[in-house]
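In: Please find the sequence and the predicted model below.
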Amino acid sequence: MIFRKRVELFLRTVIGRAYPRLIGLQRERSWLIFDTLLPLLQMSAFVFVYRAMQAPPEYTGFVVLGGAMTAYWLNVLWSMATQLHWEKENGNLALFIMAPTSRMAILLGMALGGIVATSFRAAAVVLVGIFIFGAHFSAERIPELIGIFLLTLIALYGMGMLFSSLFLLYGREAWHMSLLLQEPIYLLSGFYFPVRSLGYWTAMGASIVPITLGLDAMRQLLFPRMMQQIKFLDVRIELLVLAVLGLVFLFLAQRSLSYMERLACQEGRLTVRGQ
Amino acid sequence: MSTNLAVSTQNLGRVYRAKKREAGSGKEIVALHGVDLEIHQGELFGLLGPNGAGKTTLIKILTTLLAPTSGEARVAGTDVAKNPWEVRRHINMVSGGESSGYGLLTVEENLWLFSQFYGLDWKTARERIREMLKIVGMEDRAKTKIYHLSTGMRQKMNFARGFITDPEIIFLDEPTLGLDVQTSRVLRDFVKNWVRVRKNKTLLLTTHYMQEADELCDRVAIIDRGKILACDTPSNLKRSLNQSSVFHLKVDSLPQPDSQFQGLKGIQSFAHHQHNGLLELSFIVETENALMPILASIERSKGNLISLEKRQPTLEDVFINLVGRGLSEEP
């Protein structure tokens, strides 16, 4: 196949697979309640704790940002990591494998659709945070903020793509794996508190999850004065690590997907449901 | 191998091994054994066999979803194990009972989505979707979300999905499973035309409905327990029984139908199954003289003969003659 055709097929696949996620926003409007009001409850708890401690007002924005980023983490866990397993269960995976297109394009489509759809959810959480709690953010370093945010998402969804193929190996247990990862990462990545307070080496270990460094860096840019004392690493270092993590996760996702496909073909598990 | 072969297999085999932590650890199940098959371009080829015969395993290998454990399979001239990417450009598949798709999307959106994985431009995709929905009688359902569709409707949608990409070779694995008679007939007519009108298109159909294979296929391979037992045109297969007589009997009951007719002279093959509360017996006998001892045996065991029919051999009779049981009986 000539290069131009390959690129065209890749892009069509990305758009095609992203489509159900985008249309879901419009057709399943229950997200407006579940994905904004429920995180709001968790955020509220931390906002009130910080207020009770008479922490600086920036902490409200600090918590709202963490609340918004939970939407991405949940999306990566439940709509990326376990996705190929669900695709197998409803018979789509066999059709993906049989199609003459790139598996990475399918994963990328899932990721892009997830990012766009989740961004609406995250934006709703931020707006609710501003409206109810009066959170405010410094808007001085917007280009850097956007850069960090995008790099965080690339690395995070790269990790989701890697999980997606790895979780295929676990079958139904993938659900438990996601459950196992959900809450501990809220703690380890510092969704609602400065990650540095966990200790340097714990925070360093937790940095394997891109959201850890992404959150810390974004908070440094949004609340520069407050974060002076509680930042984990320098923003430039965090930017570099996020870029490396993004490349590594995407590379590993591609390799593991090929490996899983080969293994599943050998063992005859691509089309066997209920495993 | 000849270049005009759409599909060919040589000594193809597939063995499933139970994993260590599963029951029957280390146990091997031979799903396919030494399968040699040649399907020519432009042919509508049928694979006829009971459930568990190995039909779906063979289709999975040919569609690159499963690796063979021995032998070789080529589709569109390419080895499926060595170069699955090249094979995938030429094929598509529809399985009976398939539940693929996204419930949130409409019928046409689902079809469009899967067409994108084959690189169809949007205009062509839209035209083919419209055309296929008309063929399967779902024009009025184009905007229906698929979680509102019945099983039969969903099956028709998946049938359309397979043809929208206009593949060179299509694999239909029990495509009419669970469909009503009218819809099955429409799909069969479409399939027949698709191969006749579009030259060099090849279709491999697996079925356990012998009438479907008989009506549609240029050639049929009969498969049982992973082995190809016979392969020829339906008429040639049936002709192999021309020297024999085929009798179909219905009785109310018999105490031991399996052993009752053993030892009677002139019986080539025999099969039985329950249907609508009656025991249906199929006999393939060398001469009509063999019928009298059969009727006498039924009378001795106090079975009431409801009907007796002598008929032309069908593919099912060919299967019974080869295997010693009917298509609907468990192996």
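Out: It's in.
In: Contact residues of chain A facing chain B?
Out: Residues of chain A found near chain B (Cβ under 8 Å from any Cβ of the partner chain) are A:1, A:5, A:8-9, A:12-13, A:15-17, A:19-20, A:23-24, A:27-28, A:90-92, A:94-101, A:106, A:265-268, A:270-271. Heads up, the C-betas are built off the backbone N, CA and C, glycines and all.
In: What's the PyMOL line that selects buried ones from those?
Out: Selecting the buried subset of these in PyMOL, with 16 or more other Cβ atoms under 10 Å in any protein chain shown as the burial test, is done by:
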select buried, chain A and resi 9+12+13+15+16+17+19+20+23+24+91+92+94+95+96+97+98+99+100+101+106+265+268+270+271
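In: now, which of the residues of chain A next to chain B lie within helices?
Out: A:5, A:8-9, A:12-13, A:15-17, A:19-20, A:23-24, A:27, A:92, A:94-98, A:106, A:265-267 (DSSP state H).
In: Any residues of the stretch 151-300 of chain B in contact with chain A? List them.
Out: So the stretch 151-300 of chain B meets chain A at B:Arg161 (Cβ under 8 Å from any Cβ).
In: Quick check: the residue of the stretch 151-300 of chain B nearest chain A.
Out: Per Cβ to the nearest Cβ, B:Arg161 is where the stretch 151-300 of chain B lies closest to chain A, at 8.0 Å.
In: list the contacts for that residue?
Out: B:Arg161 sits next to A:Leu95, B:Asn92, B:Val94, B:Ser100, B:Gly101, B:Asn110, B:Leu111, B:Phe114 when contact means Cβ atoms under 8 Å, 6 or more residues apart in numbering or on different chains.
In: let's go with 6 Å and repeat that
Out: B:Leu111, B:Phe114 (Cβ atoms under 6 Å, 6 or more residues apart in numbering or on different chains).
In: what's the spacing between it and B:Glu212?
Out: 20 Å (Cβ to Cβ, to the nearest Å).
In: A:Arg12 too?
Out: Taken as Cβ to Cβ, the span from A:Arg12 to B:Glu212 is 35 Å.
In: before we move on, what about B:Ile61?
Out: Distance, B:Ile61 to B:Glu212, using Cβ to Cβ: 22 Å.
In: So between the two, which is more surrounded?
Out: Ranked by neighbour count (other Cβ atoms under 10 Å in any protein chain shown), B:Ile61 and B:Glu212 place B:Ile61 first, with 28 against 23.
In: after the helix or strand hosting the more buried one, next one along is what?
Out: Element membership for B:Ile61, per DSSP states H and E: helix B:55-62. Counting by DSSP H and E, the next helix or strand C-terminal to helix B:55-62 is strand B:70-75.
In: chain center to that following strand, what's the gap?
Out: Counting by Cα atoms, centre = their mean, to the nearest Å, strand B:70-75 is centred 20 Å from the centre of its parent chain.
In: Residues in contact with that strand: which ones?
Out: By Cβ under 6 Å, 6+ apart, strand B:70-75 touches B:Val7, B:Ser8, B:Thr9, B:Gln10, B:Asn11, B:Leu12, B:Gly13, B:Ile61, B:Leu62, B:Val80, B:Val87.
In: out of the residues you listed, who's nearest A:Val76?
Out: Distance to A:Val76 across the contacts of strand B:70-75 (Cβ to Cβ) is lowest for B:Val87, with 33.2 Å.
In: Now residue 160: closest residue in space that isn't a chain neighbour?
Out: Picking chain A for this. Leaving out its chain neighbours, the residue that sits closest to A:Gly160 by Cβ to Cβ, 6 or more residues apart in numbering or on different chains is A:Met80, at 3.2 Å.
In: if you could check chain B rather than the one you did, that'd help
Out: That would be B:Met132: by Cβ to Cβ, 6+ apart, it lies 3.8 Å from B:Ala160.
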